[in-house]
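Trainee: This is a predicted model, with the sequence first.
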Amino acid sequence: MAQSRRNFIKGLTLGTVGLSATNILANVDSSAILSSSKKEVRRQTFNMCGYRAPKIDKVRVTFIGVGSRGRSNLRQMTFLEGVEIKSICDIDPSAIDKTQKLLSDQKLPKAKVYTGSDYAWKRACEDPDIDLVSIAVPRGPLHAAISIYAMEQGKHVAVEVPAIFTIDEAWKLVETSENTKRHCMMMENCCYDFFELLTLNMVRKGYFGDVVHADAAYIHSSGGADGLVSGKSRIWALEEKQRHNGNLYPTHGLGPVCQAMNINRGDKFTYMVSMSSDDFMRGKAVHEKAKEDPYYERFDGSNFCGNMNTSLIRTENGKTIMLQYDVTSPRVYSRIHMLSGTKAACMKYPLPARISTKEKWLNDAEMKELEDKYTPETLKRIGDMAKKVGGHGGMDFLMTWRLIDCLRNGLPMDQDVYDAALWSVIWPLSEWSVANKSKPVDVPDFTRGAWKTNEPTDVSLSQGGSTLVRMELL
């Protein structure tokens, strides 16, 4: 089954939907990245930021990939009224069986199944009775390929992170969304975590003043699902770190601070630099693993992704972001989420999260007072339900509820295709900078100037909010 998935991905890199034939699993081609980022001037054909698609009373969904992550996304939707789970697609029979049982347990009808072919997902996307395609397949060119094909078939898209892996894919994703007027939302769930939504609302209300710098990250000990030596069912993760060296998972930390700094909506990235340490841990772990299991011998002696990657990003308005990635060191989980404003600052990690003003950390009572005053309406209405449903503490459910509510009420997406492209493109750009002695690299403006007039995201829930939760399941 793992081999079939690898063949599937390999086939896609040969241009099945008109994408670049460059194998994204190969060593980075720095000249190709730069040539992609410096192509002829592109013009926006339609602005998807703030776009209100026609309302969909009942959102009919197909799920491409129903492994652990895809099945978790599907479960979130079983709690929502106004959603119909029409079909699922996977090449793994056990994943399909588990998903059908989940639907049955939630007192919902079984879904139509697309399987038996590495390209069964095309048939799922082509179904005229589908409004939304939810994509949760292993990281690779499938994310962009399925997203693009689905939009070409007239479907809205919700795709797991990162949305793209090359600059060419990013531009194709953006242009397809504009040409089809179909939403492409990257499912960056960390934008919906409770402290991130609280501080975003505080930024909108002016509490922090002008946010001039942010720290963001994805840091934690990787002894869990993505260990130093991934299991055979996740061998793609080890292959990824064997062939790429940069920030390979930028969006969790970057997404929330971009929203707080109005990136793509009043400001934009201009250039970035990136530096990686050597690998001091994964190679040794692989060497020991190869002694007991010949399967891992092909990885032994590889130069793996550095243990710590640090990237610095500068914006058009002179602001900065420090972004880090480290999943090998014995460190506690952290996305940092530090916002530094002219009036106040905050830092989420290490927990508990704190806010400071004039060099004073606010005490528990003062923090509680701020929470009571600035908690956005979304959390007031859905927060307790989200915690009951679960999914990374409830942020998965908040994201899913908001996605469906926007589609049902014809509201703009909190995260649009420009965000998906920009937050994801840090991977290939960081990789080029690392490979070229941390030289600066320009960041494409996927809005093509529209960032100057685009409006910030609305977290007040002043519109929408009509999507109900199946309370009997809580």
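Mentor: Perfect, thanks for sending it.
Trainee: show me what contacts residue 192?
Mentor: 395-396, 398-399, 402 (C-beta atoms under 8 Å, 6 or more residues apart in numbering). Bear in mind the C-beta positions are built from the backbone N, C-alpha and C, glycine included.
Trainee: again with residue 210
Mentor: 341-342.
Trainee: Output the below-cut-off pLDDT ranges for this protein.
Mentor: 1-40, 223-227 (pLDDT under 70).
Trainee: Report the residue ranges of every domain in it.
Mentor: Domain ranges of the chain: 2-188, 191-378+414-452, per automatic domain parsing.
Trainee: looking at those, which is closest to residue 467?
Mentor: domain 2-188 (5.4 Å; C-beta to C-beta).
Trainee: Could you say which one of the domains of the chain comes nearest to residue 474?
Mentor: The nearest among those, by C-beta to C-beta, is domain 2-188 at 7.4 Å.
Trainee: Out of the domains of the chain, which gets nearest to residue 470?
Mentor: Nearest of these to residue 470, taken as C-beta to C-beta: domain 2-188 at 5.2 Å.
Trainee: quick check, distance from the closest one to the centre of its chain.
Mentor: The chain centroid and the centroid of domain 2-188 are separated by 12 Å, computed with C-alpha atoms, centre = their mean, to the nearest Å.
Trainee: now stretch 304-314
Mentor: 18 Å.
Trainee: and the residue nearest the centre of the chain, what does it touch?
Mentor: Centroid-nearest residue in the chain, with C-alpha atoms, centre = their mean: residue 161, separated by 3.2 Å. Contact analysis of residue 161 by C-beta under 8 Å, 6+ apart lists 186-188, 249, 251-252, 423-424.
Trainee: got it, and residue 42?
Mentor: Residue 42 neighbours (C-beta under 8 Å, 6+ apart): 171, 175, 448.
Trainee: any idea how far residue 172 is from it?
Mentor: Separation of residue 42 from residue 172 (C-beta to C-beta, to the nearest Å) stands at 11 Å.
Trainee: And for residue 291?
Mentor: Applying C-beta to C-beta to residue 291 and residue 172 gives a distance of 44 Å.
Trainee: Pick out whichever of the two has more residues nearby.
Mentor: Neighbours per residue (other C-beta atoms under 10 Å) separate residue 291 from residue 172, with residue 172 holding more: 21 against 10.
Trainee: Can you tell me the SS state at that one?
Mentor: With DSSP: H, G, I helix; E, B strand; the rest coil as the basis, residue 172 sits in helix.
Trainee: Thought residue 148 was touching it, still the case?
Mentor: Yes - here residue 172 lies in contact with residue 148, judged by C-beta atoms under 8 Å, at a distance of 5.8 Å.
Trainee: In terms of helices and strands, where is the residue nearest to the centre of the chain?
Mentor: Using DSSP states H and E, residue 161 falls within no helix or strand.
Trainee: which one is it nearest to, not counting chain neighbours?
Mentor: Excluding the flanking residues, the one nearest residue 161 by C-beta to C-beta, 6 or more residues apart in numbering is residue 251, at 4.6 Å.
Trainee: How about the contacts made by that neighbour?
Mentor: Contacts of residue 251 (C-beta under 8 Å, 6+ apart): 161-162, 186, 188, 190, 423-424, 426.
Trainee: 10 Å instead, please
Mentor: 160-163, 186-191, 216, 218, 258, 415, 419-420, 422-424, 426-427 (C-beta atoms under 10 Å, 6 or more residues apart in numbering).
Trainee: Sort out for me which of those are in strands.
Mentor: Among the contacts of residue 251, the members falling in strands (DSSP state E) are 186, 216, 218.
Trainee: for the last one, what are its contacts?
Mentor: Read it as residue 218. 190, 247-254, 309, 323-327, 333-336.
Trainee: what pairs with it across the strands?
Mentor: Here residue 218 sits in beta bridges with residue 325, going by DSSP bridges.
Trainee: Tell me where the stretch 351-474 of the chain has strands.
Mentor: Assigned strands in the stretch 351-474 of the chain, in chain order: 354-357, 360-361, 441-442 (criterion: DSSP state E, counting those that start in this stretch).
Trainee: I'd like those as TSV, with mean neighbour count and distance to residue 86 appended.
Mentor: Shown next, in TSV, are the strands of the stretch 351-474 of the chain (neighbours: other C-beta atoms under 10 Å; distance: least, C-beta to C-beta, whole Å):
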stretch	mean neighbour count	distance to residue 86
strand 354-357	17	44
strand 360-361	11	50
strand 441-442	16	42
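Trainee: Tell me how many other residues crowd residue 72.
Mentor: So residue 72, with other C-beta under 10 Å, has 17 neighbours.
Trainee: is it true that it lies in a strand?
Mentor: No - the assignment for residue 72 by three-state DSSP gives helix, which leaves it out of any strand.
Trainee: Which residue is the nearest non-sequential neighbour of it?
Mentor: residue 391 (6.1 Å).
Trainee: Name all residues that make contact with that neighbour.
Mentor: Applying C-beta under 10 Å, 6+ apart, we find residue 391 in contact with 72-73, 75-76, 189, 192, 397-400.
Trainee: Is it possible to get TSV of these that adds distance to residue 385?
Mentor: Shown next, in TSV, are those (distance: C-beta to C-beta, whole Å):
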residue	distance to residue 385
72	16
73	17
75	14
76	11
189	16
192	13
397	7
398	9
399	13
400	11
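Trainee: any idea which element the closest residue in space to residue 45 that isn't next to it in sequence lies in?
Mentor: For residue 45, ignoring the flanking residues on the chain, the nearest one in space by C-beta to C-beta, 6+ apart is residue 178 at 4.8 Å. Using DSSP H and E, residue 178 falls within helix 167-180.
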